[in-house]
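The amino acid sequence is not available; the structure is as follows:
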């Protein structure tokens with residue numbers, strides 16, 4: 001297996017999910033966006049080891065978050081629609097990872113988060129401290 005093909009998506013995922021979060025972004029949104037990035041990258045490549053690991057990462061972000069299953073379903077559909085966009089490389093083919101990075105940074109994804117966020121009201125939470133930790 002070509003190691004370079006495995007390293008690039010992991011590097012991109014790590015760089016985006018760890019370092020580019022605005023200081024005020026709620027943990028709920030971070031987990032939701034990271035799920036979207038992992039899901040998009042997992043379905044963009046056909047390297048079994050890579051897709052399995054990205055799928056596990058996506059599932060981990062679901063477990064950390066409090067978003068509805070509808071929100072994750074809509075995000076999967078959104079990721080699929082972004083993968084259908086035309087991102088041609090000047091050397092031929094598509095730049096699949098760029099589609100996922102642009103999805104991650106898109107206003108469309110942010111609006112989807114706002115539509116489903118459990119952070120709209122503390123009443124959506126069993127524990128006030130969890131609300132503060134994840135939404136403030």
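The structure has been received and is ready for your questions. For clarity, every value in this text was computed on a predicted model and none was experimentally measured.

Tell me which other helices or strands the strand or helix carrying residue 79 touches.
If you go by DSSP states H and E, residue 79 is part of helix 69-83. Where contact means 3 or more CB pairs under 8 Å, 6 or more residues apart in numbering; DSSP states H and E, helix 69-83 is packed against helix 27-44, helix 96-104, helix 107-116. Every C-beta, even on glycine, is put in place using the N, C-alpha and C of the backbone.

tell me the angle of that helix relative to helix 96-104?
Put simply, helix 69-83 runs at 140 degrees to helix 96-104, going by axes from the mean of the first three to the mean of the last three CA atoms, to 10 degrees.

As TSV, the helices and strands packed on helix 69-83 with mean pLDDT would be great.
Listed next are the helices and strands packed on helix 69-83 as TSV, based on pLDDT from 0 to 100:
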stretch	mean pLDDT
helix 27-44	95
helix 96-104	96
helix 107-116	97
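
Now do the helix holding residue 79: everything it contacts.
If you take CB atoms under 8 Å, 6 or more residues apart in numbering as the criterion, helix 69-83 is touched by 32, 35-36, 39-40, 43-44, 62, 96, 99-100, 102-103, 106, 108-109, 112-113, 115-116.

What subset of those is buried?
Buried subset of the contacts of helix 69-83 (neighbour count, 16 or more other CB atoms under 10 Å): 32, 35-36, 39-40, 43-44, 62, 96, 99-100, 102-103, 109, 112-113, 116.

Of all residues in this structure, which one is nearest the centre?
residue 36 (2.4 Å; CA atoms, centre = their mean).

so who does it touch?
Applying CB under 8 Å, 6+ apart, the residues contacting residue 36 are 75, 78, 79, 103, 104, 109.

in the chain, what secondary structure element scores lowest on mean pLDDT?
Within the chain, no helix or strand scores below helix 3-19, which has a mean of 51 by mean pLDDT, DSSP states H and E.

circling back: any idea of the angle the helix holding residue 79 forms with helix 27-44?
50 degrees.

Give me the buried positions along helix 69-83.
Here helix 69-83 shows 71, 72, 75, 76, 78, 79, 82, 83 as buried, counting by 16+ other CB under 10 Å.

how much does it deviate in direction from helix 107-116?
Using the same axes, to 10 degrees: helix 69-83 against helix 107-116 is 170 degrees.
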